[in-house]
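Participant: missing the sequence, but the structure's below:
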Ligand code: F6P
């Protein structure tokens with residue numbers, strides 16, 4: 001192992017820079033030449049590798065986003081594109097790649113390795129925390145703290161004006177973010193893709209809660225699911241069904257940016273280091289993961305599951321009690 005590449009792909013997540021930094025500095029400490037691929041797999045397709053030295057990653061650990069830039073490269077799902085990249089990587093003498101991203105990123109990387117490309121280790125990075133076989137993905141903690149701060153602020157104005165709010169958080173397929181910030185922010189109702197509620201069911205819940213205690217202000221946290229912005233329509237219908245007005249706040253991409261939390265920086269640093277060590281030991285198609293609270297290497301994309309779903313109905317039941 002002499003030359004490795006690091007790339008970030010898919011949606012960005014705070015803490016990706018800390019992971020890049022750990023890969024570059026561990027690689028250099030081990031005597032490797034480290035290169036960055038700009039904009040994920042695009043950099044391989046366009047044959048652009050950036051040499052990275054310890055200095056190249058100075059002063060980036062505290063910043064959100066990714067200094068390598070990122071993209072969702074659909075062309076990489078085509079075998080002809082991967083063949084073209086594999087041949088070029090071999091010419092360049094690239095032995096290993098560290099990919100930082102989510103499920104789509106790992107799928108592309110696994111195919112490249114399986115078809116005879118360089119060995120690959122993945123680092124899970126997505127604010128959704130929805131990658132199978134790991135309890136944690138880089139960016140999740142920062143995103144939930146960003147969303148929680150927003151909810152706290154909305155609570156101030158909601159209570160001052162006696163208003164009801166719908167706060168829409170990210171989470172395309174999963175509700176990890178919605179549940180954590182909903183409970184921590186004292187939301188009256190939490191709606192996730194895994195435990196969906198129709199507008200009529202949300203209204204019924206509101207009316208039931210009203211019988212126990214009529215609150216003058218409240219916050220419903222709702223995951224965007226596959227329809228970002230869906231809370232606008234829901235709010236309008238809820239208004240009619242419950243005879244109250246609902247204001248909407250869509251947090252959107254604010255949750256993806258910002259300075260990473262301590263936890264995200266720590267996890268990213270540990271995972272970046274572990275990924276390079278794994279490559280040096282000749283390992284491939286593994287992912288750095290957190291299992292039972294410890295960082296470990298596990299096979300990525302084992303089985304057919306490409307998404308980890310929120311399944312803990314007990315947490316939602318807990319919230320139903322605590323929010324009264
Ligand atoms: O996968 C992470 C995520 O932030 C989802 O929560 C969200 O639905 C999606 O990315 C948004 O993607 P884009 O930035 O491409 O609109």
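Facilitator: Here it is on my side, so go on. All values derive from a computational prediction rather than experimental measurement. Numbering: from 1, shown residues only.
Participant: what's the neighbour count on residue 193?
Facilitator: 18 (other Cβ atoms under 10 Å). No exception for glycine: its C-beta is placed from N, CA and C like everyone else's.
Participant: again but with residue 208, I slipped
Facilitator: By other Cβ under 10 Å, the burial measure for residue 208, its neighbour count, is 11.
Participant: what mean pLDDT does whichever strand or helix holds it have?
Facilitator: Following DSSP states H and E, one finds residue 208 within helix 199-212. Computed over helix 199-212, the mean pLDDT rounds to 92.
Participant: Report the inter-axis angle for whichever helix or strand comes after it versus helix 199-212.
Facilitator: Sequence-wise, the next helix or strand beyond helix 199-212 is strand 218-223, with elements assigned using DSSP H and E. For the pair strand 218-223 and helix 199-212, the angle between their directions (axes from the mean of the first three to the mean of the last three Cα atoms, to 10 degrees) equals 150 degrees.
Participant: buried sites along the following helix or strand past strand 218-223?
Facilitator: Toward the C-terminal end, the helix or strand that comes next after strand 218-223 (DSSP H and E) is helix 230-242. Of the residues in helix 230-242, those scored as buried under the neighbour-count criterion (16 or more other Cβ atoms under 10 Å) are 230-231, 234-235, 238, 242.
Participant: I'd like the distance between the residue nearest the centre of the chain and residue 37.
Facilitator: By Cα atoms, centre = their mean, the chain has its centre lying nearest to residue 126, at 1.6 Å. Taking Cβ to Cβ, to the nearest Å as the measure, residue 126 and residue 37 are separated by 19 Å.
Participant: Also residue 138?
Facilitator: In this structure, residue 138 and residue 37 are separated by 18 Å, where distance is defined by Cβ to Cβ.
Participant: So the two - more neighbours on which side?
Facilitator: In this view residue 138 and residue 37 are compared by other Cβ under 10 Å, and residue 138 has more residues nearby, 30 against 27.
Participant: need the contact list for the more buried one.
Facilitator: The neighbourhood of residue 138, defined by Cβ atoms under 8 Å, 6 or more residues apart in numbering, consists of 13-16, 18-19, 100, 123-126, 264, 267-268, 271.
Participant: Beta-bridge partners for it, please?
Facilitator: Using DSSP bridges, the bridge partners assigned to residue 138 are residue 125.
Participant: Show me the shaky parts of this structure.
Facilitator: Along the chain, the model assigns pLDDT under 70 to residues 302-303.
Participant: Next to the ligand in this structure, residues from the stretch 101-250 of the chain, please.
Facilitator: Residues of the stretch 101-250 of the chain found near the ligand (Cβ under 6 Å from any ligand atom) are 102, 126-128, 170-172, 224.
Participant: 8 Å instead, please
Facilitator: Those residues of the stretch 101-250 of the chain that sit near the ligand, judged by Cβ under 8 Å from any ligand atom, are 102, 126-128, 130, 143, 170-172, 177, 224, 226, 228.
Participant: Make CSV from those residues and add distance to residue 295 to it.
Facilitator: What follows is these, written out as CSV (distance: Cβ to Cβ, whole Å):
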residue, distance to residue 295
102, 18
126, 17
127, 19
128, 20
130, 19
143, 20
170, 25
171, 24
172, 26
177, 22
224, 30
226, 32
228, 32
